[in-house]
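Trainee: sequence-free structure coming up:
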């Protein structure tokens, strides 16, 4: 079972001194004592190094499905969602007759199958166990909750002879993650007082916050007898998601004793809503307060650099990560690829991308978007083909990026083929995808096809799509299609009031472009009559790591 590369072994040798000492002892002595190897594997898991633990097992202890090593290896498989090795170990354990005799082993298999999404296998294992305890029940209920099957979770919950605080927290969290905060709150209120601990309070508060129900979250948060840092961070993140920056900052300022998780929530919140300068300023304040960043901090900081397009500062952050030996997990690697791609250093982005052992959809999307955005459409199409052959499936963002590449490169046939593939992947095209196809056909002068696509869209076309088509009509002198577009837009003039200033301005500009001057002027007057003001345009540049903003006039 040689499932992991020698690179894992090299990573193992770079671990803590204690791990190196234990590893060397086992290797040099050629130990056949399972307890000695168990100690080493447990040490790797305690340092959150499951791949290294599996490397030790698969290279030095193959075909040894015994206690006490087996539960540890199953835990490592579960943390990596690696079912194949788990199933092989299951078969071995059946041969030696320990699967159903050991409560700990049986529970470990239930947990493994649940975390790998194999709930039916987990339930079969659970039902065949001759003895079950509260941990076994919690593992199975947690598996149902992870897979959003709360009916089965509740059925098992009601059958439990004994429950623990973990049981209540697991079920409450499951309903909250499914979006059923009413059921989560009902179970919270039913939780016996002696089992309603800080974890139970926190998962309920987090459930409200993650679903955008900040009034319910705040009401419960204010009632908490004891608050942990997760509760504070949940409130900060929840307020950012709602766009309430002042409340998020005020919540952070109230924390009596902050830790890194709280700082990370604040930095990530600012980066997520595009307040990138504030995110970088918060990062600086965090370091001045004596906190050392971790990989989650750096992922948010890299996102801020990417959004600002600040390559120089992004390079400084990359050097900082290497200098401080911050763990480069997939969050950090994705952030580096995204930052370099958005900042135009595609060679470095591709080098990091190619060196990654495992790429998720976000990483593929960042690299494809970077290539598409910088005019390297053929490379973007090639990478998209590679992604289709990989284990990672493309999503809506992937298709939008590759359609942009086709539009910029003038690849009409390829663009239409890509658009048709969305349905094969079980994805629904959004207004942005339709906009790309309209732009692609419009640039090629295929205006009748573009107009037909707009008329067949399952959603209302926005002003950008109409403007794209009309612009193409003007370039190709297609007056007939232009007249049809103008007629379709004429209904807006007498329609209900809109609060979107962009709609008024865009349609007014469309009328002006088609030399419908009276209609253009009427649209501007309607905008004033409806009390809608044009949002001033804003441009920004970064000079020596400092952003300078320039606002256009406020008169429409």
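Mentor: Looks like it came in fine. Because the structure is a prediction, the values reported are computed rather than measured.

Trainee: let me see the ranges of the strands in this protein.
Mentor: For the chain, the strands defined by DSSP state E occupy 538-543, 546-551.

Trainee: state the distance from residue 213 to residue 241.
Mentor: 11 Å (CB to CB, to the nearest Å). Yep, even glycine has a C-beta here, placed from its N, CA and C like the rest.

Trainee: ok, now residue 138?
Mentor: Shown here: residue 138 relative to residue 241, a distance of 29 Å by CB to CB.

Trainee: who's in contact with the residue most central in space within the chain?
Mentor: What sits nearest the mean C-alpha location of the chain, by CA atoms, centre = their mean, is residue 362, with 7.4 Å. By CB atoms under 8 Å, 6 or more residues apart in numbering, the contact set of residue 362 is 334, 338.

Trainee: the one 4 residues further on too?
Mentor: Contacts for residue 366 (CB under 8 Å, 6+ apart) come out as 334, 337, 338, 341, 342, 349.

Trainee: of those, buried ones?
Mentor: 334, 337, 338, 341, 342, 349 (16 or more other CB atoms under 10 Å).

Trainee: circling back: tell me the two of the contacts of residue 366 that are most distant?
Mentor: Using CB to CB, the contacts of residue 366 reach their maximum pairwise distance at 334 and 342, which is 12.2 Å.

Trainee: low-confidence ranges in this structure?
Mentor: Applying pLDDT under 70 to the chain flags the ranges 1-34, 60-68, 96-101, 489-504, 506-507, 509-516, 519, 523, 526, 529-556.

Trainee: torsion angles phi and psi at residue 428?
Mentor: Dihedral angles of residue 428 (phi, psi; degrees, to the nearest 10) stand at phi -100, psi 130.

Trainee: how close does it sit to residue 457?
Mentor: In this structure, residue 428 and residue 457 are 12 Å apart, going by CB to CB.

Trainee: which of the two has more neighbours?
Mentor: Neighbour count, other CB atoms under 10 Å: between residue 428 and residue 457, residue 457 has more, with 17 against 10.

Trainee: which residues touch that one?
Mentor: So residue 457 contacts 431, 434 (CB under 8 Å, 6+ apart).

Trainee: repeat that with 10 Å
Mentor: For residue 457, the contact set (CB atoms under 10 Å, 6 or more residues apart in numbering) comprises 429, 431, 433, 434, 435, 437, 438, 465.

Trainee: what does residue 478 give?
Mentor: By CB under 10 Å, 6+ apart, the contact list for residue 478 reads 442, 445, 447, 448, 450, 451, 469, 470, 472, 484, 485.

Trainee: try it again with 7 Å
Mentor: Contact analysis of residue 478 by CB atoms under 7 Å, 6 or more residues apart in numbering lists residue 447.

Trainee: ok, residue 143 next?
Mentor: 114, 119, 122.

Trainee: now the phi/psi pair for residue 179, please.
Mentor: Dihedral angles (degrees, to the nearest 10) for residue 179: phi 100, psi 0.

Trainee: what of residue 180?
Mentor: phi -90, psi 80.

Trainee: tell me, how many residues neighbour it?
Mentor: Neighbours of residue 180 (other CB under 10 Å): 15.

Trainee: what do you get for residue 209?
Mentor: 27.

Trainee: please tell me how far it sits from residue 233.
Mentor: Counting by CB to CB - residue 209 and residue 233 are separated by 9 Å.

Trainee: ok, now residue 341?
Mentor: 29 Å.

Trainee: so which residues of the stretch 201-350 of the chain form helices?
Mentor: 214-223, 229-241, 245-254, 260-272, 276-288, 295-308, 311-323, 330-342, 346-354 (DSSP state H, counting those that start in this stretch).

Trainee: now render those as JSON lines, adding distance to residue 197.
Mentor: Below are those laid out as JSON lines (distance: least, CB to CB, whole Å):
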{"stretch": "helix 214-223", "distance to residue 197": "14"}
{"stretch": "helix 229-241", "distance to residue 197": "12"}
{"stretch": "helix 245-254", "distance to residue 197": "22"}
{"stretch": "helix 260-272", "distance to residue 197": "19"}
{"stretch": "helix 276-288", "distance to residue 197": "29"}
{"stretch": "helix 295-308", "distance to residue 197": "26"}
{"stretch": "helix 311-323", "distance to residue 197": "37"}
{"stretch": "helix 330-342", "distance to residue 197": "30"}
{"stretch": "helix 346-354", "distance to residue 197": "43"}
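
Trainee: residue 505: which of those helices is closest?
Mentor: Here helix 295-308 is closest among those (CB to CB), at 25.0 Å.

Trainee: end to end, how far does stretch 341-360 reach?
Mentor: Across stretch 341-360, the terminal residues are separated by 16 Å (CA to CA, to the nearest Å).

Trainee: pull the contacting residues for residue 436.
Mentor: 400, 403, 404, 407.

Trainee: neighbours around residue 219, how many?
Mentor: Residue 219 has 12 nearby residues by other CB under 10 Å.

Trainee: so it versus residue 416, what's the distance?
Mentor: From residue 219 to residue 416 the distance is 52 Å (CB to CB).

Trainee: and if you look at residue 434?
Mentor: Residue 434 sits 12 Å away from residue 416, taking CB to CB as the criterion.

Trainee: before we move on, the earlier item: now, which of the contacts of residue 436 lie within helices?
Mentor: Among the contacts of residue 436, DSSP state H puts 400, 403, 404, 407 in helices.

Trainee: just flag the most distant two among the residues you listed.
Mentor: Among the ones in helices among the contacts of residue 436, 400 and 407 lie farthest apart (CB to CB), at 10.5 Å.

Trainee: distance check, residue 154 against residue 121.
Mentor: From residue 154 to residue 121 the distance is 21 Å (CB to CB).

Trainee: what do you get for residue 205?
Mentor: 34 Å.

Trainee: more crowded one of these two?
Mentor: A direct count of neighbours by other CB under 10 Å for residue 205 and residue 121 places residue 205 higher, at 28 against 20.

Trainee: test my guess that the more buried one contacts residue 218.
Mentor: No: if you go by CB atoms under 7 Å, residue 205 and residue 218 don't touch, sitting 8.8 Å apart.

Trainee: just the buried residues of stretch 375-393, please?
Mentor: Of the residues in stretch 375-393, those buried (16+ other CB under 10 Å) are 376, 377, 379, 380, 381, 383, 384, 387, 392.

Trainee: what's the closest of those to residue 355?
Mentor: residue 383 (15.0 Å).

Trainee: let me see the contact set for the closest one.
Mentor: 367, 368, 371.

Trainee: neighbours around the nearest residue to residue 418 once chain neighbours are set aside, how many?
Mentor: Leaving out its chain neighbours, the residue that sits closest to residue 418 by CB to CB, 6 or more residues apart in numbering is residue 402, at 5.4 Å. Neighbour count of residue 402, defined by other CB under 10 Å: 30.

Trainee: done for today, thanks.
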